[in-house]
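**Student:** Provide a 3D model corresponding to the input given below.
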Amino acid sequence: FLSAFSLVALSALVTSLSTHFGSADINLLRSWPLTHWRVFLHKTREAGYHASWMVALMLLPFLSAMTQIKKLDWPFLVLAFVAFVPFASTATALGVAMSAVFAAVFPKRRMKEFLSVLGITIFVFVYAGVRLTLPRKLMEPDKLEATLEYVLYLQSPVASFLPSRWYVGVLNAYMAHDWPRLALSASILLGAAALGTLLLFLMSRFVLTPRRWSLVMEGGGSDLRVRAPQSARDDTSAASTSLWKMLIQKEVRFFFRDSQRFSNASFILAVCAIYLVSIFRLPMDTPQIRNFLSFINLAIGLFVIAALSLRFCFPQPSLELPYSWIIRVSPMRTSQFLGAKLVFNLVFLNVLSAILVVISPLLLGTDKELIPLYLVAALCLGSVLAPLSLAVGSAFPKPRFEHLVQTETSFGGFLFGVLSLVAVALTLAVFASPIHYFFQVNYLHKVMDKYDYYWLTTLGAVYLGICLASGMGSWWWAKRSWNNLSKSMVA
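**Tutor:** Prediction:
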């Protein structure tokens, strides 16, 4: 019954987003001479009906089986479904209240992304909990007693303040013919439903007021904070802010305001978290296996960095293309405009790559001497892909697209994908050599001579030179391509 209460509350939260803010008749009802509370309560009843009827059908076989096993009469089923009404009303009130708070805090256009991110987060925590607890070990003979004690613990009574406990109290009191306890449990259940109704009234009075409801229906943002009017002091502070700082702030705000980018970044981070949890439980017995898997992990991390650059960095010139004439006529140099994007891309890629290539070797139990080498490889690749994405994106933009994914599947996206794969392969080939020497010295007991050190020094210098030349060439290519592109758009 606790699961049924949670299902009704969660379903009411999701359903109320449609009944209160996406229903076709909501504008008509709000235009009639009806009070705000009556419209809100009508939509709450509609959300409660849609949220609870399936749960009631799910409980019907369970209650029917209980009636047959306990040899009860048909009034037991009637009492169960009568008591289900305040039980479901309490859960519905809780779900609608949470929905009202979310709608008042988050804009309507971000609600879907917020719920998707919340679902992804819950899935990651559930997966990590199952993966880390290793449930297969619960069936081992020496741990069977602890498993049975855990099952008995789950079957023990829950907290007395939960509505599911009061609902079960009504049923148990009827089966025991304890009429005073039945009246007490039913009174508590009805009182909880009354408190839920009072909570909805307070929500409609102070949180989701008529003005805020109108803002949410129009797609506006939160009205919980009262913003001060603009004044001359704001103009002075804006004028004192440097152009470079404003451009960086624009990139950060644009990243968080773009719903597709934010939800996709959350999904990628969730996949990375699942990957880190999975490699933490890999069976590794020897240091050789752990260090070898750490190099495989480095390859996977570099491919993830390339995919992130294609998804988040490459489409930026195409997204800015419709507004290129504003940038062209403004007193702003191309190096300043693209430089802010370059700094944001460098920080974004290098921070994520550092997290991937540092945390995952630690979870694998890799030797500490290899982690700085992996970090240098990831930072070098991120520093190459950041300007390269701007260069290819400016040279081969996608002027018209319905979805952001279409920019990645264009010719420019294909070209950048090929170049990024070449950069990943070159990085792996270069850093495989010092890792090869590490295995020979530590496990084959080979002594490195001066020619080996010369070879590693020359290889590192050549690779750094290639990275520097690639970065400078990509930066020059990006500025020239964007200037030509903006001139053509203005013309």
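
**Student:** the bottom helix or strand of this protein by mean pLDDT?
**Tutor:** Least confident element among the helices and strands of the chain, by mean pLDDT, DSSP states H and E: helix 232-240 (a mean of 43).

**Student:** Heading C-terminal from it, find the next helix or strand.
**Tutor:** helix 243-257 (DSSP states H and E).

**Student:** Run a quick neighbour tally on residue 275.
**Tutor:** 17 (other Cβ atoms under 10 Å). In short, each C-beta sits where N, CA and C put it, glycine included.

**Student:** Show the average pLDDT along the helix or strand hosting it.
**Tutor:** Using DSSP H and E, residue 275 sits in helix 259-280. Averaged across helix 259-280, pLDDT comes to 68.

**Student:** go on, stretch 84-91?
**Tutor:** 83.

**Student:** Also stretch 433-451?
**Tutor:** For stretch 433-451, the per-residue pLDDT averages 84.

**Student:** which parts of it are buried?
**Tutor:** Residues of stretch 433-451 classed as buried: 434-435, 437-438 (neighbour count, 16 or more other Cβ atoms under 10 Å).

**Student:** Going toward the C-terminus from the helix holding residue 275, what's the next helix or strand?
**Tutor:** According to DSSP H and E, the helix or strand after helix 259-280 is helix 287-308.

**Student:** Check which helices and strands that following helix sits against.
**Tutor:** Here helix 287-308 touches helix 259-280, helix 334-364, helix 371-395, helix 411-443, going by 3 or more Cβ pairs under 8 Å, 6 or more residues apart in numbering; DSSP states H and E.

**Student:** Determine which two of the buried residues of stretch 433-451 are furthest apart.
**Tutor:** 435 and 437 (7.4 Å; Cβ to Cβ).

**Student:** so what's residue 353 up against?
**Tutor:** Shown in contact with residue 353 (Cβ atoms under 8 Å, 6 or more residues apart in numbering): 301-302, 305, 378-379, 381-382.

**Student:** State the distance from it to residue 364.
**Tutor:** To residue 364, residue 353 is 17 Å away according to Cβ to Cβ, to the nearest Å.

**Student:** Just give the number of residues close to residue 211.
**Tutor:** Counted with other Cβ under 10 Å, residue 211 comes out at 9.

**Student:** For it, pull up the helix or strand it's in.
**Tutor:** With DSSP H and E as the test, residue 211 turns up in helix 210-217.

**Student:** for the longest helix belonging to the chain, packing partners?
**Tutor:** Looking across the chain with DSSP state H, the single longest helix is helix 450-490. Contacts defined by 3+ Cβ pairs under 8 Å, 6+ apart place helix 450-490 against helix 324-329, helix 334-364, helix 371-395, helix 411-443.

**Student:** how much space between residue 58 and residue 72?
**Tutor:** From residue 58 to residue 72 the distance is 20 Å (Cβ to Cβ).

**Student:** These two: who's more crowded?
**Tutor:** residue 72 (17 against 12).

**Student:** quick one: low-confidence ranges for the stretch 201-350 of the chain?
**Tutor:** 207-209, 212-241, 256-267, 279-285 (pLDDT under 70).

**Student:** let's go with 80 and repeat that
**Tutor:** For the stretch 201-350 of the chain, the stretches flagged by pLDDT under 80 are 203-287, 319-334.

**Student:** same deal with the stretch 51-200 of the chain?
**Tutor:** For the stretch 51-200 of the chain (pLDDT under 80), the answer is 58, 62-63, 66, 69-74, 99-170, 176-178.

**Student:** Now do the helices in it.
**Tutor:** In the stretch 51-200 of the chain, the segments counted as helices under DSSP state H, counting those that start in this stretch are 74-105, 108-133, 144-154, 163-175, 179-202.

**Student:** can you give me the angle the longest one makes with helix 179-202?
**Tutor:** Right, helix 74-105. 20 degrees (axes from the mean of the first three to the mean of the last three Cα atoms, to 10 degrees).

**Student:** What residues sit buried inside helix 74-105?
**Tutor:** So for helix 74-105, counting by 16+ other Cβ under 10 Å, buried means 76, 79-80, 83-84, 86-100, 102-105.

**Student:** what distance separates stretch 416-436 from the middle of the whole chain?
**Tutor:** 30 Å (Cα atoms, centre = their mean, to the nearest Å).

**Student:** Contacts for that stretch next, please.
**Tutor:** 291, 295, 298-299, 302-303, 305-306, 309-310, 314, 370, 373-374, 376-377, 380-381, 384-385, 388-389, 392-393, 455-456, 459-460, 463, 466, 470.

**Student:** Drop anything exposed from these.
**Tutor:** Buried among those (16+ other Cβ under 10 Å): 291, 295, 298-299, 302, 305-306, 309-310, 314, 370, 373-374, 376-377, 380-381, 384-385, 388-389, 392-393, 463, 466, 470.

**Student:** tell me, how many neighbours does the nearest residue to residue 306 once chain neighbours are set aside end up with?
**Tutor:** Excluding the flanking residues, the one nearest residue 306 by Cβ to Cβ, 6 or more residues apart in numbering is residue 420, at 4.1 Å. By the criterion of other Cβ under 10 Å, residue 420 has 24 neighbours.

**Student:** Please, which helix or strand holds residue 366?
**Tutor:** Applying DSSP H and E, one finds residue 366 in no helix or strand.

**Student:** doesn't residue 295 make contact with it?
**Tutor:** No. Counting by Cβ atoms under 8 Å, residue 366 stays clear of residue 295, with 9.0 Å between them.

**Student:** Check the gap between residue 51 and residue 432 for me.
**Tutor:** In terms of Cβ to Cβ, residue 51 sits 57 Å off from residue 432.

**Student:** and if you look at residue 82?
**Tutor:** Distance, residue 82 to residue 432, by Cβ to Cβ: 72 Å.

**Student:** Same question for residue 469.
**Tutor:** Distance, residue 469 to residue 432, using Cβ to Cβ: 22 Å.

**Student:** Per-residue pLDDT of the closest residue to residue 460 other than its chain neighbours, please?
**Tutor:** Distances taken as Cβ to Cβ, 6+ apart place residue 430 nearest to residue 460, at 7.6 Å, with adjacent residues excluded. Listed pLDDT for residue 430 reads 91.
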